[in-house]
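Q: A predicted structure for the sequence below; I have some questions about it.
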Amino acid sequence: MASNPASPSSMEFYRDNTNLKWIILIASLFISVGTIWFTNILVNQLKERERNQVKLFAKALEYTTNDTENEILFITEEIIYKNNSIPTILVDEKSNITFYRNIDIDSSWSKERKDDVLNNELEEMKKVYPPIDILLKDPNSQEVFAVQKVYYKNSFLLSELIIFPYVETSILAIFFFVAYLAFNYSKTSEQNRVWVGLAKETAHQIGTPLSSLMAWVEVLRDDPDLRNKGFVDELDKDIRKLRIVTERFSSIGSTPILKKENIFQLVNNVVGYLQPRLSSKVKIEVYTLSENISVNVHAPLFEWVLENLCKNAVDAMENSGTIAIKILRGSDSKVLIDISDTGKGIPKKIVQSVFKPGFTTKKRGWGLGLALAKRIIEMYHGGKIFVKSSDENQGTTFRIELNSA
Ligand SMILES: Nc1ncnc2c1ncn2[C@@H]1O[C@H](COP(=O)(O)OP(=O)(O)OP(=O)(O)O)[C@@H](O)[C@H]1O
Ligand SMILES: [Mg+2]
């Protein structure tokens with residue numbers, strides 16, 4: 001038989017896909033850190049500039065208060081009023097606010113309100129930067145007789161620039177998150193359509209020749225020469241199996257109706273069907289807490305899940321070992337079915353991937369068995385299926401959780 005070309009490539013696809021996710025994530029991290037780092041440099045340069053500007057502003061104030069010559073006054077006033085972006089407050093030697101620039105104060109406000117706003121601003125400024133001193137000198141002796149202080153804080157532009165990279169990174173993160181969700185959603189709905197479409201089509205295609213085969217078997221039965229020959233019964237058995245397969249495919253393509261079933265009986269049906277078809281070195285053992293545990297299931301689909309899990313177990317044990325199926329009761333009226341094998345186990349790094357469609361480590365596997373099982377248990381039965389434990393060369397246990405009926 002030719003090896004199945006789909007398997008290695010599908011596995012590669014999953015590897016590449018996760019790699020791509022990491023590359024995108026790391027690249028976005030670099031971009032974010034890069035913007036934060038670069039803006040930080042800009043912010044520091046701007047801070048330096050603003051401090052120098054305030055120093056100049058303070059110097060101008062100092063000149064204006066110390067000197068009375070007119071031409072100096074003209075230049076210094078120019079400087080003082082050119083400061084139209086950095087909020088500044090001048091405080092005299094008695095800690096009274098005597099002058100301010102670039103603080104949002106409406107001239108129509110009451111004096112109390114103005115003072116309130118100014119005092120709050122001043123408190124804020126004191127926390128941000130140390131003040132710049134203005135020395136008041138005696139015009140004759142040049143002796144310092146008082147020290148006034150200029151307090152300031154970042155200009156609006158600078159404050160914006162400081163938060164800008166964080167806003168930008170958050171917006172980018174939200175954008176990526178939404179895009180990722182949308183992409184995943186469309187991927188899932190596309191996958192759903194493929195599952196349903198393919199299953200329905202298969203059921204449909206098998207259905208027609210199957211009905212005619214069934215009719216032919218009846219014709220054969222009516223023939224007195226052939227009736228007692230064993231092959232008619234064998235043919236009938238195979239047709240019945242084909243009918244089960246068709247039913248499974250048509251159920252997965254529609255919304256199956258769940259029925260109350262005895263789980264112990266269902267499991268025994270599957271074991272009864274599988275055991276004679278397996279190597280004599282594989283034993284399947286069934287344990288149950290009680291023979292009367294009922295669950296709401298769609299029997300043909302649920303049997304399909306068990307068959308897939310058992311087939312995987314047989315593969316993992318390389319046709320020799322024991323499969324144990326245990327039916328237990330969990331908390332909250334859950335029914336648990338543990339399927340354990342004594343096989344080679346699932347390596348830790350692939351446990352996450354085994355339920356993905358197309359994921360296989362087998363030469364001739366399609367990687368669909370567990371994806372199908374997950375879909376049947378989770379979507380159609382509202383249950384859960386997961387790897388409960390797996391140890392290298394010791395074996396693996398899959399657990400199915402269903403609601404009891
Ligand atoms: N009981 C198990 N023990 C060890 N590995 C397992 C077991 N069950 C599943 N796996 C791993 O999970 C992979 C996916 O299983 P899945 O049944 O989905 O696909 P497959 O068996 O490879 O192919 P398919 O079932 O479509 O023929 C397997 O290839 C195998 O590596
Ligand atoms: Mg399989």
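A: Nice, I can see it. Numbers count the residues shown, from 1 in each chain. Ligands and ions are numbered 1, 2, ... in the order given.
Q: distance of Pro139 from Glu77?
A: Per C-beta to C-beta, to the nearest Å, Pro139 is found 19 Å from Glu77. Where you see a C-beta, it was placed from the backbone N, CA and C, and this is true even at glycine.
Q: Neighbour count for these two, which is higher?
A: Applying other C-beta atoms under 10 Å to Pro139 and Glu77 shows that Glu77 carries more neighbours, namely 13 against 9.
Q: Please name the spatially closest residue to the residue in the stretch 301-405 of the chain that ligand 2 sits nearest to (chain neighbours excluded).
A: Proximity of the stretch 301-405 of the chain to ligand 2 (C-beta to the ion) peaks at Gly369, 2.7 Å away. Residue nearest to Gly369 in three dimensions, not counting chain neighbours: Asn308, with 4.0 Å by C-beta to C-beta, 6 or more residues apart in numbering.
Q: got a list of what that neighbour touches?
A: 369-370, 372-373 (C-beta atoms under 8 Å, 6 or more residues apart in numbering).
Q: Just give me how far the host helix or strand of it sits from the chain centre.
A: Element membership for Asn308 (DSSP states H and E) is helix 299-316. How far helix 299-316 lies from its chain's middle: 29 Å, per C-alpha atoms, centre = their mean, to the nearest Å.
Q: and it, average pLDDT?
A: For helix 299-316, the mean per-residue pLDDT is 95.
Q: Next, the nearest residue to Gln394 once chain neighbours are set aside: phi, psi?
A: Distances taken as C-beta to C-beta, 6+ apart place Gly345 nearest to Gln394, at 6.0 Å, with adjacent residues excluded. Main-chain torsions, Gly345, degrees, to the nearest 10: phi 80, psi 170.
Q: And the pLDDT for Gly345?
A: Gly345 is assigned 96 on the pLDDT scale.
Q: Phe231 too?
A: In this prediction, Phe231 has a pLDDT value of 86.
Q: Now it. Its backbone dihedrals?
A: Main-chain dihedrals, Phe231, degrees, to the nearest 10: phi -70, psi -20.
Q: Any idea how many residues pack against it?
A: Neighbourhood size, Phe231 [other C-beta under 10 Å]: 9.
Q: next one: Ile346
A: Neighbour count of Ile346, defined by other C-beta under 10 Å: 22.
Q: The residue nearest to it when sequence neighbours are not counted: what secondary structure?
A: Excluding the flanking residues, the one nearest Ile346 by C-beta to C-beta, 6+ apart is Ser390, at 4.4 Å. Under DSSP: H, G, I helix; E, B strand; the rest coil, the three-state class of Ser390 is strand.
Q: now do Ala199
A: Put simply, Ala199 is helix when judged by three-state DSSP.
Q: residues in contact with the residue lying closest to it once chain neighbours are set aside?
A: The spatial neighbour of Ala199 that comes closest, neighbours along the chain excluded (C-beta to C-beta, 6+ apart), is Gly253 at 3.9 Å. The contact partners of Gly253, by C-beta under 8 Å, 6+ apart, come to 195-197, 199-200, 203.
Q: go again using 10 Å as the cut-off
A: With contact taken as C-beta atoms under 10 Å, 6 or more residues apart in numbering, Gly253 is in contact with 195-204.
Q: Of those residues, which is the most crowded?
A: Compared across the contacts of Gly253, Ala203 has the highest neighbour count, 20 neighbours, by other C-beta under 10 Å.
Q: Touching, that residue and Pro300? I think so.
A: No. Using C-beta atoms under 10 Å, Ala203 is not in contact with Pro300; the gap is 11.5 Å.
Q: what touches both of the two?
A: 245-252.
Q: Closest to ligand 2 out of these?
A: Proximity of these to ligand 2 (C-beta to the ion) peaks at Arg248, which lies at 15.0 Å.
Q: so which helix or strand takes in the closest one?
A: Judged by DSSP H and E, Arg248 forms part of helix 231-252.
Q: Quick one: distance of stretch 30-44 to the chain centre.
A: The chain centroid and the centroid of stretch 30-44 are separated by 27 Å under C-alpha atoms, centre = their mean.
Q: Check stretch 192-202 too.
A: Per C-alpha atoms, centre = their mean, the centroid offset for stretch 192-202 relative to its chain is 27 Å.
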